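[1] this one's sequence-less:
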């Protein structure tokens with residue numbers, strides 16, 4: 001307590017000038033009768049004091065126990081929202097350098113197995129424009145090691161058309177359309193297009209070399225399209241996934257756009273590349289191509305087109321690995 005505080009208290013004391021003799025308590029109380037402080041002391045008897053002491057001890061125990069419980073509960077998982085990680089716009093190089101192996105890399109079998117879902121399209125030239133048809137469903141592939149044969153299962157759930165002219169064209173050319181339902185066919189794929197002219201399929205290192213040297217030669221939206229196409233049809237090991245991210249990062253205009261969630265609820269890093277509307281064909285050309293990348297393994301989770309109205313997911317990558325079994329061809 002400061003001297004200033006003591007002076008203020010002394011000035012406010014109503015009995016400050018009263019002469020008080022030794023032991024003259026009654027005179028002091030009478031002169032201070034206008035003081036707001038109560039001088040009536042009610043001391044509990046011995047039994048009450050023991051009861052109060054017991055209550056105080058119990059309260060102290062509860063307080064200590066409550067504090068300990070609060071600490072324990074605070075350590076338990078809470079339903080608090082997790083703040084999304086902020087990724088720099090050039091995060092892909094960092095991701096590519098620190099990838100981990102994915103669980104499916106430990107699987108074995110004679111076929112590469114991939115299962116994807118999403119929206120797929122087909123088109124055909126018509127007088128005055130292009131007819132477009134869209135399918136929603138799943139497709140799975142089982143590819144031989146030499147990549148010369150692919151068995152493909154397509155599950156078509158729905159069919160829509162871009163406009164009335166597109167509907168009229170495809171309904172008059174049913175052979176150009178998929179039917180709702182499930183089909184399994186063998187596709188003779190041959191050698192991947194980037195290695196046409198070679199006499200045999202390239203070793204895996206060739207894909208890495210191609211990815212590392214061509215990323216900067218394409219428009220950003222096309223880079224994301226090629227990357228999602230490559231990933232969607234092949235089982236890539238961690239080294240190739242790292243090369244795929246470097247391929248994407250080399251394109252001018254491709255940026256990391258923060259944390260995002262794919263249609264199945266998986267969290268990853270959104271990566272976008274703007275479309276050039278003057279060069280694109282079709283109704284979806286004024287937004288960006290978008291992929292979501294798992295930051296731990298470098299796997300693509302989903303790919304699609306995004307604009308101010310939302311995202312149209314062309315591919316959601318569901319399963320991949322190696323297997324010895326595949327479904328029979330349907331006739």
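    Alright, I've got the coordinates. Quantities reported herein were computed from a predicted structural model and do not represent experimental measurements. Numbering: from 1, shown residues only.

[2] Pairing partners for the helix or strand harbouring residue 123, with directions?
    Element membership of residue 123 [criterion: DSSP states H and E] is strand 111-126. Here the strand partners of strand 111-126, with direction, are listed using DSSP bridges: strand 129-144 (antiparallel), strand 310-323 (antiparallel).

[3] Out of those strands, which gets nearest to residue 228?
    Checking these against residue 228 by C-beta to C-beta gives strand 310-323 as the closest, at 5.8 Å. (C-beta placed from N, C-alpha, C; glycine too.)

[4] Just the buried residues of the strand holding residue 123, please?
    Of the residues in strand 111-126, those with enough neighbours to count as buried (16 or more other C-beta atoms under 10 Å) are 111-120, 123.

[5] Just the mean pLDDT for the host helix or strand of residue 155, thanks.
    Secondary structure assignment for residue 155, by DSSP H and E: strand 150-161. On average, the pLDDT along strand 150-161 is 94.

[6] Give the next helix or strand downstream of it.
    That would be, after strand 150-161 and using DSSP H and E, helix 164-172.

[7] neighbouring contacts of that next one?
    Helix 164-172 has contacts (C-beta atoms under 8 Å, 6 or more residues apart in numbering) with 124, 126, 128-129, 131-133, 161, 176-177.

[8] Contact partners for residue 323?
    Applying C-beta under 8 Å, 6+ apart, one finds that residue 323 lies in contact with 107, 109-111, 113, 142.

[9] among the residues you listed, which two are most distant?
    Comparing all pairs in those by C-beta to C-beta, the longest separation belongs to 107 and 142, at 13.1 Å.

[10] Neighbour count: those two, which is higher?
    For residue 107 versus residue 142, neighbours defined as other C-beta atoms under 10 Å are more numerous around residue 142 (23 against 14).

[11] mind listing the strands for this structure?
    Under the criterion DSSP state E, the chain contains strands at 111-126, 129-144, 150-161, 181-187, 255-261, 267-274, 288-293, 300-307, 310-323.

[12] mind checking how far residue 168 is from residue 260?
    Between residue 168 and residue 260 the distance, using C-beta to C-beta, to the nearest Å, works out to 38 Å.

[13] Just the angle for the strand holding residue 155 relative to helix 164-172, thanks.
    130 degrees (axes from the mean of the first three to the mean of the last three C-alpha atoms, to 10 degrees).

[14] low-confidence ranges in the stretch 201-331 of the chain?
    Applying pLDDT under 70 to the stretch 201-331 of the chain flags the ranges 201-206, 212-217, 276-286, 331.
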